[in-house]
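K.L.:
requesting a structural model of the entry that follows:
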Amino acid sequence: MERVDGMKLRLLITAMLIGGLFVLAGCGGSGGTSSTPAPTPDSQQATVGPFVIETAASASVNIKNIAHREGAAFVALSTAGVIDWLGTVEPMERLVFTSGRSGSEQIHRANFFGENVTRLTNRADEAEEAQWSPDGSTIVYATQSPSLDIVAMDADGLNERRLTNSSAADGYPTFSPDGRWVAFTSTRDGNLDIHKMYNDGAGEQRLTNDSALEQDLEWNPTEDTIIFEKSGNLYTIDSEGSTETTLTSVAANDDTPSWHPNGRDYTFGRNTPGIPAFEIFTSITGSVTRFAGANFGDFDPTYSGDGEWIVFASFRAGGSYHLFAKQTHAPYRVLQLTSGSSDNRDPDLGSPVPTVNRTLIGSSGSDHGFDPVHPHAIACVAVFDDEGYLNFIRLGVPQTRGANLDASPLENTGDRLVGIVWSVPEMFYVEQDSGIGGQPTLWDMPGTSRTIVLYLDADSGKLVSILDLDDDTSTVNSAAARNALTHEPSAIGATVRGDFRAVYGPDGQIVADGNIGAVEIDAGAGVVRAF
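P.N.:
Residues are numbered from 1 along each chain as shown. Presented below is the predicted three-dimensional model:
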C-alpha cells in the first residue's frame, strides 16, 4: 500500500509550527471516494499532518508541537470550544471484487472498508478475477463471452479493451511488478497452461507445458516469479518458464495463493481432509500456519499493500459469501466489508487514493460503522510519521475548562521516550485509540485539579506511562512541573524523579500510588519500578 508522502507531511509540520488554525481549501479525492467530510454549517476545518480537525467557526485550536524526531511527530491540540470531528486522511487502497448484487456477476470497486461501492462492468455475460495494475491505472479481468477472454479497463471502468480473443479459455490475469506484462492461463495449446503477454495483448508466449491444470496465478511483487496452483498444491515459476519450484506438498487442496508485499511470504486457501470447509493459511518465512478458523468457508485471500490485513471471501456471515478483512497482527480484529443477499468474491487491493482512514472524534458509528474514541474533544495528542497516522490520545476535560489548559514538552527524556506535561483545572480520564473496532484504552482518574505527565514511545507513539504529580496547590502549572522533574535516560527508557501521587502503566491500570519519588520507565514494557 502506498502511504502519505513524507515530504508532504514534513511541509505540514512546518506549517503547523507557524501556529494558529488554518482552513482547508479542500482535499482532492478520486474514484468516487470523498477525501474529507464536508464541513457542517458554521464550522471550519484545519489540518495537522494527516489529521483533519473540524470545529465551530467561532472556535480556535491551539496547536503545539511537542516533538518531531526521526521516528514520529507529536502534537498537543486544545481548544476553548469543542472539536466536533477529527479524523485522518491518508491514501487508502481501493478494493476491486466480483459481486452478483446487480443480478449477474460483475466487477465492482469500493474503498478498503467496502464503502462507496461502484459497479465497473455491465456485461451481458459475467466478469470475474479482477486485478489492479501496479500503478492503479488499469484493471484486468476475465469474461465469459464470446469465449473465456482477458479484458482490460481503466480504473473507473471506462475504455474497455479485449487483450485476448480466441476460442480458447483464458483466465486468472495478473500484472508483472512493472506493469508491462500480464500473465494468464489458457487452453489454446490443449492444456490449461501459463502464458504471458504485453499489457496491450501483444507478444503472447507460453511459459508451461503440463498436462495438469494450472490456475490461480499471482505475479510476485518484488521478484520475477509467479505463484500458482496445480493438482492441489502451490508452485512458483519464473517469468521465462524455466524454473519451477514446489511450495506445498500435502494431502490437502491448496489454492488461491497471494503474495505478501515482501515477496517472500504468502497466504492461500486450504481444504484439509476431514474439515468440511476451506480455511486460510499463511506461510511466513517458510512456516505454514492456520490464519482463519475452520468451518467458516474462507477462501480467495489477498494481502493489503502494507501487509497489515488479509482480505478474503467467506461464508461466515451465512446466507451469502461476503468479503472480510482480518488483521495479520494482534488483536487480529475481523471487519465485514460487504453485506446483502448476493455473493461477493475475488478481492484484490490496490490503487490508493486519499480517503478518511479513521474517524477518531465523531458521532456513534462514524468510524466505518464503529464508534470512534469519543464524540468530542477539548484536549488531545496526535501522533504521526512519514507514513501517516500512528496514535491518538484524548484527555477527559470538561468543556467549561478548555480555556485553562496548559501543555508543555519535556526535554532530556532520552531517545526512547517523549514527555508531555498537561496542567488542567479538572480532568477525569485519559483515552487512547486501540485501533478500528476496539474500545479505547482508558486511564480513570479522580476529577480534580491536576498536572499529569504523559510518556510515549518515541517510535510507535503509544502511551507508555502516566505520572500524576502531587499538585494539590493551585500554583502548580505545566512549566513549574516540568522544571521539578529530572530524567536519567537509559537504553530502554528513563528514570524520572519528582513527586508523584499515582503512577499508571500502559494498560490503564495504577501501578503504584502514595508518596512516590522516582519511576523507572521502559519504552516497550511500561513502568518497571516505582520507588
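
K.L.:
so what's the spatially most central residue of the chain up against?
P.N.:
For the chain, the residue lying nearest the average C-alpha position, counting by C-alpha atoms, centre = their mean, turns out to be residue 308 (6.4 Å). Shown in contact with residue 308 (C-beta atoms under 8 Å, 6 or more residues apart in numbering): 327-329. All C-beta atoms are positioned from the backbone trio N, CA, C, and that covers glycine.

K.L.:
kindly state the pLDDT recorded for it?
P.N.:
What the model reports as pLDDT for residue 308 is 95.

K.L.:
what separation do you get for it and residue 330?
P.N.:
12 Å (C-beta to C-beta, to the nearest Å).

K.L.:
and residue 172, by the same measure?
P.N.:
Taken as C-beta to C-beta, the span from residue 172 to residue 330 is 33 Å.

K.L.:
those two - which one has more neighbours?
P.N.:
Neighbour count, other C-beta atoms under 10 Å: between residue 172 and residue 330, residue 172 has more, with 24 against 7.

K.L.:
gap between that one and residue 530?
P.N.:
60 Å.

K.L.:
what do you get for residue 109?
P.N.:
53 Å.

K.L.:
ranges for the strands of the stretch 301-450 of the chain?
P.N.:
With strands called from DSSP state E, counting those that start in this stretch, the stretch 301-450 of the chain shows them at 309-314, 322-327, 334-336, 344-361, 377-385, 388-395, 406-409, 417-432, 441-457.

K.L.:
for the third one, packing partners?
P.N.:
Contacts defined by 3 or more C-beta pairs under 8 Å, 6 or more residues apart in numbering; DSSP states H and E place strand 334-336 against strand 322-327.

K.L.:
now do the strand it packs on, average pLDDT.
P.N.:
For strand 322-327, the per-residue pLDDT averages 97.

K.L.:
what do you get for stretch 55-70?
P.N.:
pLDDT averaged over stretch 55-70 gives 83.

K.L.:
same check, this time on stretch 107-115
P.N.:
97.

K.L.:
so how far is it off the chain centroid?
P.N.:
Centroid separation between stretch 107-115 and its chain, computed with C-alpha atoms, centre = their mean, to the nearest Å, is 15 Å.

K.L.:
hey, what's residue 174 bridged with?
P.N.:
Residue 174 has the following beta-bridge partners by DSSP bridges: residue 183.

K.L.:
of all the strands of the stretch 301-450 of the chain, which one comes closest to residue 45?
P.N.:
Nearest of those to residue 45, taken as C-beta to C-beta: strand 344-361 at 12.3 Å.

K.L.:
between that closest one and strand 309-314, how big is the angle?
P.N.:
Orientation check (axes from the mean of the first three to the mean of the last three C-alpha atoms, to 10 degrees): strand 344-361 against strand 309-314 gives 130 degrees.

K.L.:
export strand 344-361 as CSV, just CAs?
P.N.:
Output of strand 344-361 as CSV, limited to C-alpha atoms (Å, rounded to 0.1, in the frame of the first residue of the first chain):
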residue,chain,number,x,y,z
ASN,A,344,-19.0,-11.3,-3.2
ARG,A,345,-15.6,-12.9,-4.0
ASP,A,346,-12.3,-12.5,-5.9
PRO,A,347,-11.0,-9.5,-3.9
ASP,A,348,-7.9,-7.5,-4.9
LEU,A,349,-6.4,-4.4,-3.4
GLY,A,350,-4.5,-1.6,-5.0
SER,A,351,-4.7,2.0,-6.4
PRO,A,352,-4.5,4.1,-3.2
VAL,A,353,-6.4,7.4,-3.2
PRO,A,354,-6.8,9.9,-0.3
THR,A,355,-9.7,9.0,1.9
VAL,A,356,-10.8,9.1,5.5
ASN,A,357,-8.9,6.2,7.1
ARG,A,358,-10.1,6.7,10.7
THR,A,359,-12.7,8.8,12.5
LEU,A,360,-11.3,9.4,16.0
ILE,A,361,-13.7,12.1,17.2
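
K.L.:
which SSE is the nearest residue in space to residue 289 that is not next to it in sequence in?
P.N.:
Of all residues not flanking residue 289 in the chain, residue 282 sits nearest, at 5.7 Å (C-beta to C-beta, 6 or more residues apart in numbering). Residue 282 is located in strand 279-284, with elements delineated by DSSP states H and E.
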